[in-house]
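Student: my questions are about this predicted structure, shown below with the sequence.
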2 protein chains.
Amino acid sequence: MLNLSDIKAAKTRIDPYINQTPILTSSLLNTWLGHDVFFKCENFQKIGAFKARGGLNTVAWLIENGQKPKHIVANSSGNHAQAVAYAGQQFGIKTTIFMPEYSSKVKIQATESYGAEVVLSKTRDLTDGLVKEAAKESGTYWIPPFNHEQVICGQGTAAYEALSELPGIDAVFAPCGGGGLLSGTLIASHGLSHKTKVIGVEPLNANDAAESLRKGSIQRLSGIPDTLADGAMTMAVGDITFEYLKQLDDFYEIGEERMVYWTQWLTHLLKCRLEPTCAMPMQAVAEWLKKQTGKKRVLVIISGGNVDQQTTLKVWSTDWLGQIPAIR
Amino acid sequence: MLNLSDIKAAKTRIDPYINQTPILTSSLLNTWLGHDVFFKCENFQKIGAFKARGGLNTVAWLIENGQKPKHIVANSSGNHAQAVAYAGQQFGIKTTIFMPEYSSKVKIQATESYGAEVVLSKTRDLTDGLVKEAAKESGTYWIPPFNHEQVICGQGTAAYEALSELPGIDAVFAPCGGGGLLSGTLIASHGLSHKTKVIGVEPLNANDAAESLRKGSIQRLSGIPDTLADGAMTMAVGDITFEYLKQLDDFYEIGEERMVYWTQWLTHLLKCRLEPTCAMPMQAVAEWLKKQTGKKRVLVIISGGNVDQQTTLKVWSTDWLGQIPAIR
């Protein structure tokens, strides 16, 4: 199993290429809740999401081990596409990203702006086939989105940075898609202090990880889930990440309405653009705090800020800003 | 006339109570435009807008001059309400804010959360009458939103901070409502270097300042203007601010569509929540850059991030993120 030294090595490797993202707080929110909530804002990371960390660390680790690829490839409709493109650009490696045509235009544009070749296909299955084919070429390395030790270590550097800056955090909350961010967060947090709880969060409408943890084996979603948390729509966690997810201290499943509520409120209070995926943990924080005695200090990993126009309209269709946050 | 030493004095006075706000950049935007654009992000200021600076400076200046009021009052539907409430809280002074009932709930809540008493009235005219009446009480000080030397000096500290951090800025852009921010920005910028251009921006649909500058005397809007830039809807500039506005190097009037375009793009690229008012200057930047030779370094003051749900829906009703920014 990976440990804190692997996260530290990743941090050293990627430091020249990433932003040390800010930790934001809201004095109004803390007054209303009666606790201290800190937000590690990976929406201000390169490419607008924590994913830059994992992509960069994987490539830097290959280079460190004398295995610099001639060509890197990935398939993604989302932030992983931009992360790998950005990593390829930083290390001067030819990069090809296979994306489904229905990916948001903004993400396709950004991926191209980072210098990658983008190959569009009609379906996700077609991109899966194409990336597999491309990866067979000699000198080509396929960077997966989460089920890879160096991707996990890269993602864990976000929590590592935040906890190194903030003493005495009682619990860390992060969203769960494929489990890369959460696995890295767990290794970093428990590595620094076993007193710090690490708590995962998933959409109720895409709760394959929660189901997997209940059943003790990896469960797959039966179809494309209906959730605004596009960063947590992964069909199943990986065999590597699942081993870490089993060590979590708690796990919450969040309904769409509360996700929208907190997306509005965190946007308003932190003045941040953020994906609905990263507002979910705040509902878990509110539910967890209800069960605590005494004032707590919690850390929330804000995973990213790449939101398209359609999602924005859905998030803001109802006004939740009239209902002040409270621990009830 | 005020000068740089007045801005520096304001900065010293308010420093313990304000955030030194970050300066953000977007590498994608700079690549696309071929210039360097820096954003001084006052949406991360206390109360979510630059207005905190002017309110705090006025109260701190009164105290410094042995005139600490027993009671401070203001009338506002917007950020000025929160700014004065916050200043009252910081200096332990009883504060009453007169707000029209149609003010956004979020702003009323926040004003109350900063400890002020909020008195709601049906119309803006009624709040005007009530604040005038309240200000007659002995020991009461009425803090106006812009037409006051110490308010102007406070607002100018934003540009002062940014220009002290960033050498060689060719031009500074800021929006114009009543002219407080722009006057302070002008004093600070020209005080630091006469080579730095200072450029004002206003909605075409609320262009009283542009009209005033053309005619050489203060012009009033004939009715409530139809613009998303609620921070720039002021009916007329003040006699104090107008004298500074006359010294501006240039002035742009911006249509609603381009305002929405840049609100979407700056939100997306900077991962910031921002008011349409502060996206206007970016259109002026694009138009100004077209006329320049050589690579320029410009500073944009992002004035605030308090946006309600209705405005958010209007901003995002059409998708502009498919159209990449460019200097054409």
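Tutor: Everything's here; your move.
Student: can you list the residues of chain A near chain B?
Tutor: A:22, A:28, A:31-32, A:43-44, A:48, A:104-106, A:109-110, A:113, A:264, A:267-268, A:270-274, A:305-310, A:312-313, A:316-322, A:324 (CB under 8 Å from any CB of the partner chain). Just so you know, the C-beta spots here come from the backbone N, C-alpha and C atoms, and that holds for glycine as well.
Student: quick one: average confidence on stretch A:72-86?
Tutor: For stretch A:72-86, mean pLDDT is 94.
Student: please apply the same query to stretch A:292-305.
Tutor: 96.
Student: stretch A:198-214 too?
Tutor: 97.
Student: before we move on, back to that, just the buried subset of the residues of chain A next to chain B, written out for PyMOL, thanks.
Tutor: Applying 16 or more other CB atoms under 10 Å in any protein chain shown to the residues of chain A next to chain B, the buried members can be selected in PyMOL as follows:
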select buried, chain A and resi 28+32+43+44+48+104+106+109+110+113+264+267+268+270+271+272+273+274+305+306+307+308+309+312+316+319+320+321
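Student: so residue A:129 belongs to a strand, correct?
Tutor: No - assigned with DSSP: H, G, I helix; E, B strand; the rest coil, residue A:129 falls outside any strand and is helix.
Student: the stretch 51-200 of chain A: helices as residue ranges?
Tutor: A:51-64, A:79-90, A:105-113, A:124-135, A:149-165, A:180-192 (DSSP state H, counting those that start in this stretch).
Student: could you tell me the least trusted of these?
Tutor: helix A:105-113 (a mean of 88).
Student: contacts for that helix, please.
Tutor: Helix A:105-113 is contacted by residues A:47, A:77-79, A:81-82, A:85, A:97, A:99, A:118, A:120, A:306, A:308, B:28, B:31-32, B:268, B:321-322, B:324 when judged by CB atoms under 8 Å, 6 or more residues apart in numbering or on different chains.
Student: next, the angle helix A:79-90 makes with it.
Tutor: 20 degrees (axes from the mean of the first three to the mean of the last three CA atoms, to 10 degrees).
Student: give me the number of residues near residue A:16?
Tutor: 9 (other CB atoms under 10 Å in any protein chain shown).
Student: list the contacts for it?
Tutor: Per CB under 8 Å, 6+ apart, neighbours of residue A:16: none.
Student: tell me the spacing between it and chain B.
Tutor: Distance of residue A:16 to chain B, given as CB to the nearest CB, to the nearest Å: 15 Å.
Student: could you check the pLDDT of that residue?
Tutor: On the pLDDT scale, residue A:16 gets 97.
Student: equivalent analysis for the one 10 residues further on, please.
Tutor: We have a pLDDT of 94 for residue A:26.
Student: cool, residue A:328 as well?
Tutor: 67.
Student: which residues in chain A form strands?
Tutor: Assigned by DSSP state E, chain A shows strands spanning A:23-24, A:36-41, A:71-75, A:94-100, A:117-121, A:140-142, A:171-175, A:197-203, A:250-254, A:297-302.
Student: residue B:89 is nearest to which of the ones you listed?
Tutor: strand A:36-41 (19.4 Å; CB to CB).
Student: what packs against the closest one?
Tutor: With contacts defined as 3 or more CB pairs under 8 Å, 6 or more residues apart in numbering or on different chains; DSSP states H and E, the packing partners of strand A:36-41 are strand A:23-24, helix A:27-33, helix A:149-165, helix A:256-270, strand A:297-302.
Student: now distance to residue B:169 and mean neighbour count too, for the strands of chain A, in CSV please.
Tutor: CSV is the format used below for the strands of chain A (distance: least, CB to CB, whole Å; neighbours: other CB atoms under 10 Å in any protein chain shown):
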stretch, distance to residue B:169, mean neighbour count
strand A:23-24, 26, 18
strand A:36-41, 26, 23
strand A:71-75, 38, 26
strand A:94-100, 35, 23
strand A:117-121, 36, 16
strand A:140-142, 43, 17
strand A:171-175, 39, 27
strand A:197-203, 43, 26
strand A:250-254, 45, 20
strand A:297-302, 31, 25
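Student: got phi/psi on residue A:316?
Tutor: Torsion angles at residue A:316 (phi, psi; degrees, to the nearest 10) stand at phi -100, psi 10.
Student: just checking, it touches residue B:313?
Tutor: Yes - the pair residue A:316 / residue B:313 is scored as a contact, 5.4 Å apart, by CB atoms under 8 Å.
Student: against residue B:220, how distant is residue A:302?
Tutor: Note on residue A:302: its distance to residue B:220, by CB to CB, to the nearest Å, is 44 Å.
Student: what of residue A:146?
Tutor: For residue A:146, the distance to residue B:220 - CB to CB - is 60 Å.
Student: show me which of those two is the more surrounded one.
Tutor: residue A:146 (24 against 12).
Student: quick check: the gap between the more buried one and chain B.
Tutor: Look at residue A:146 and chain B: by CB to the nearest CB, they are 22 Å apart.
Student: my guess is that residue meets residue A:180, correct?
Tutor: Yes - the pair residue A:146 / residue A:180 is scored as a contact, 3.2 Å apart, by CB under 8 Å.
Student: okay, and the common contacts of the two?
Tutor: Overlap of the contact sets of residue A:146 and residue A:180 (by CB under 8 Å, 6+ apart) consists of A:54, A:152, A:155, A:241.
Student: find the nearest non-adjacent residue to residue A:306, please.
Tutor: Closest residue to residue A:306 apart from its sequence neighbours, by CB to CB, 6 or more residues apart in numbering or on different chains: residue A:48 at 4.7 Å.
Student: tell me the contacts of the one you found?
Tutor: A:79, A:82, A:304, A:305, A:306, B:271.
Student: how many neighbours does residue A:224 have?
Tutor: For residue A:224, using other CB under 10 Å, the count is 10.
Student: what of the one 3 residues further on?
Tutor: Using other CB under 10 Å, residue A:227 is surrounded by 22 other residues.
Student: and for residue A:21?
Tutor: 21.
Student: just to revisit the earlier point, of the helices of the stretch 51-200 of chain A, which approaches residue A:283 most closely?
Tutor: Closest among the helices of the stretch 51-200 of chain A, once you apply CB to CB, is helix A:180-192, at 16.2 Å.
Student: what's next to that closest one, contact-wise?
Tutor: A:2-4, A:6-7, A:50, A:54, A:145-148, A:151-160, A:163-164, A:172, A:174-176, A:196, A:198, A:200, A:240-241, A:244-245, A:247-248, A:301, A:303.
Student: quick one: buried ones out of the residues you listed?
Tutor: A:2, A:6-7, A:50, A:54, A:145-148, A:151-160, A:163, A:172, A:174-176, A:196, A:198, A:200, A:240-241, A:244-245, A:248, A:301, A:303.
Student: contacting residues for residue A:85?
Tutor: Per CB under 8 Å, 6+ apart, neighbours of residue A:85: A:95, A:97, A:110, A:111, A:112, A:114, A:115, A:116.
Student: thinking again about what came up before, tabulate the helices of the stretch 51-200 of chain A (TSV), appending distance to residue B:187.
Tutor: Formatted as TSV, the helices of the stretch 51-200 of chain A follow (distance: least, CB to CB, whole Å):
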stretch	distance to residue B:187
helix A:51-64	40
helix A:79-90	41
helix A:105-113	39
helix A:124-135	56
helix A:149-165	37
helix A:180-192	47
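Student: for residue B:227, which of those helices is the nearest?
Tutor: So among the helices of the stretch 51-200 of chain A, helix A:105-113 is nearest, using CB to CB, at 26.4 Å.
Student: and that closest one with helix B:256-270, angle?
Tutor: Using the same axes, to 10 degrees: helix A:105-113 against helix B:256-270 is 60 degrees.
Student: and helix A:105-113 with strand A:117-121, angle?
Tutor: Angle of helix A:105-113 versus strand A:117-121, following the same axes, to 10 degrees, is 140 degrees.
Student: tell me the spacing between residue A:248 and residue B:277.
Tutor: 44 Å.
Student: same question but for residue A:101, I mixed them up
Tutor: 37 Å.
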